[in-house]
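**Student:** need a 3D model of the following:
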Amino acid sequence: MNGITTPPETPDASRWEELVTVALLGTDRRPAPGLAAGQEAPAALLDAAAVETVRRRAGLRPAPSAARPAPAAEDPRPPLPYAAARRLAMLLADRPGAGGGRRGSAPDLMELLPQWLALANARGFAAPPEALPALLDAARGRTDLRPAALTFAGPRALWLARLNPDWRFALRAAPGGSSDVPDLRDADRVRRLWQEGLFAERVALLSAIRAQEPAAARELLESTWATERAEDRLMFLDSLRTGLQAEDESFLERALADRSRNVRATAAELLSAMPGSALAARMAGRAGACVAVDHTRTAPTLVVEPPHECDAGMERDGVVAKAPAGRGERSWWLGQLVEATPLGSWSPRLGGRTPEEIVALPVADDWRDELHAAWSRAAVRQRDPGWSRALLGTPSIPEAAGPGAVSLAERAKLLATLDADERSEWVAGFIAAHGLSESFQLLGVCAVPWSPALGRAVVDALNIARDAGSYPWSFSGVMGLAERCLEPSEAARLNALTATPEEAEDASPGAGGYWSEAFQRLVTTLRLRAVMREELTSP
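**Tutor:** Numbering: from 1, shown residues only. Presented below is the predicted three-dimensional model:
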């Protein structure tokens, strides 16, 4: 070969290391022994490396073959229809930004993937094996996809996750818990894993037991509670939210004396969510002493006298003594007491009034906002729809003038305590009265697909904004929600809005074209969703 002379006999390893050293230093600084020098040296070095590579590979001894992994568990679900399998491949192939920023009228396929997965799971189909790698990669990058993606992927996803470290999240996040959780009927294995397992394994074990046998999970946690680290106690205690029951009260009361402030606060929060607990009664007594009805005024009025101090008993029950910067201490303590008080205790204390009547009462000395905000947090924590309705008021009333005078974020949380139909009806009324500019958070808690009334309210409000020449970019978030949440049958009546409107003199420049493009994308996406439904119908 070019420039190669017969090299002296040297071990393969030494010869290879010599060639690597020459390549790193350069043939002009370190000529390789046995190779041509000068201008032919680089080519000679590459030829020698090629020869040495063949020698090294030919001299490898075959290693014993590894044991073949056990086959994946069978998936008994029916396979996807062919058209639906093709659609899944298209959805998984779409990537954010693939269109260079502005998508024009093309649907955002990745945003349709969660809905497609939910529908496939509802109809009981199994994932095509060839789609599993892309599906797991998508779930790895988007935690919101994981529950639906792993349900759809089935047992083969867990099998693959054991072979690829990038997909190990599936072992922790798969519905039903990690595959490493032992049979809960095997008491010895459960006890051994609880005492000797890694933290993540212990959390998975405790969560799995809590979902099936709440009392057994609590007893297991109590058995090692005194020896656990503070950060671990906090995570373990949080698992008791599942299946919270009156029998947990004794353990949670003891946790109120924990060394960790965060553990104490979590225990107090859990106890306050149990209206019949002793802590809830103590909080009701404290809060009731701070709020009363004054009948000496022209109209019955709530008067508020917040605590003058945060005593040891209040701190033990979860009241944080130090107020945040810019917040008064007394109002801070009052808010925590009211938030932890069972809402059912207020009617007997305030003359048998209903939640609507209580919320409608005037509040003296500017304590109204503080008191109503605390009641709102209590309604969300205790999932009380009656108090939520009272604090929400009618949707036509402006935010600052509502009976609860709560923010949009608080209204969204209160709406989440109502049933789906009531949520949709309230938000539709809000949009009809106030438009879309402040409705995004409220739409986010509505069931999908939107009810006909809510869908009409959104489309009508978008049409009004379009005709007014408003900035279309201000409504991009609502447009994105509409693409995913409108009933697909709405596409027919949206056709008229896809044309480019004439721009008024005071309209935003170019707004007409953007509105037309946005409505074209909306119509195209709705039609695609309708096709997706048909494809996922079992033949």
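
**Student:** domain parsing for the chain?
**Tutor:** Domain assignment for the chain by automatic domain parsing gives 12-57, 187-274, 278-418, 419-539.

**Student:** would TSV of those with distance to Glu130 be doable?
**Tutor:** Every C-beta, even on glycine, is put in place using the N, C-alpha and C of the backbone. Below are the domains of the chain laid out as TSV (distance: least, Cβ to Cβ, whole Å):
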stretch	distance to Glu130
domain 12-57	32
domain 187-274	30
domain 278-418	39
domain 419-539	17
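
**Student:** minimum distance to Arg146: which of these has it?
**Tutor:** domain 187-274 (14.6 Å; Cβ to Cβ).

**Student:** mind listing the helices in the stretch 201-350 of the chain by residue range?
**Tutor:** Secondary structure of the stretch 201-350 of the chain (DSSP state H, counting those that start in this stretch): helices at 214-224, 230-238, 249-255, 261-272, 278-288, 312-316, 329-339, 346-349.

**Student:** what's the closest of these to Glu357?
**Tutor:** Nearest to Glu357, of the helices of the stretch 201-350 of the chain and by Cβ to Cβ, is helix 346-349 at 8.9 Å.

**Student:** what's the offset of the closest one from the middle of its chain?
**Tutor:** Computed by Cα atoms, centre = their mean, to the nearest Å, the chain-centroid distance of helix 346-349 equals 37 Å.

**Student:** which neighbouring elements make contact with the next helix or strand after it?
**Tutor:** Using DSSP states H and E, the next helix or strand after helix 346-349 towards the C-terminus is helix 355-360. On a contact count with 3 or more Cβ pairs under 8 Å, 6 or more residues apart in numbering; DSSP states H and E, helix 355-360 meets helix 346-349, helix 385-392.

**Student:** if we use 6 Å, what do you get?
**Tutor:** Judged by 3 or more Cβ pairs under 6 Å, 6 or more residues apart in numbering; DSSP states H and E, helix 355-360 is in contact with helix 385-392.

**Student:** just after the helix it packs on, pick out the following helix or strand.
**Tutor:** Trace forward from helix 385-392 with DSSP H and E and the next one is helix 408-415.

**Student:** what about the very next helix or strand once past that following helix, average pLDDT?
**Tutor:** Remark: after helix 408-415, the chain's next helix or strand is helix 420-434, criterion DSSP H and E. Mean pLDDT, helix 420-434: 95.

**Student:** show me the shaky parts of the stretch 51-200 of the chain.
**Tutor:** 95-104, 172-182 (pLDDT under 70).

**Student:** in it, which spans are helices?
**Tutor:** Under DSSP H, counting those that start in this stretch, the stretch 51-200 of the chain gives helices at 82-93, 109-122, 132-141, 146-153, 155-161, 169-173, 187-196, 199-212.

**Student:** closest to Val20 out of those helices?
**Tutor:** Across the helices of the stretch 51-200 of the chain, closest to Val20 is helix 132-141 (Cβ to Cβ), at 35.7 Å.

**Student:** what helices and strands are in contact with the closest one?
**Tutor:** Partner elements for helix 132-141 (3+ Cβ pairs under 6 Å, 6+ apart): helix 146-153.

**Student:** mean neighbour count, the helices of the stretch 51-200 of the chain: which tops it?
**Tutor:** helix 146-153 (a mean of 22; mean count of other Cβ atoms under 10 Å).

**Student:** tilt between that one and helix 132-141?
**Tutor:** 170 degrees (axes from the mean of the first three to the mean of the last three Cα atoms, to 10 degrees).

**Student:** tally of neighbours for Glu535?
**Tutor:** 19 (other Cβ atoms under 10 Å).

**Student:** what does Pro488 give?
**Tutor:** Using other Cβ under 10 Å: Pro488 sits among 16 other residues.
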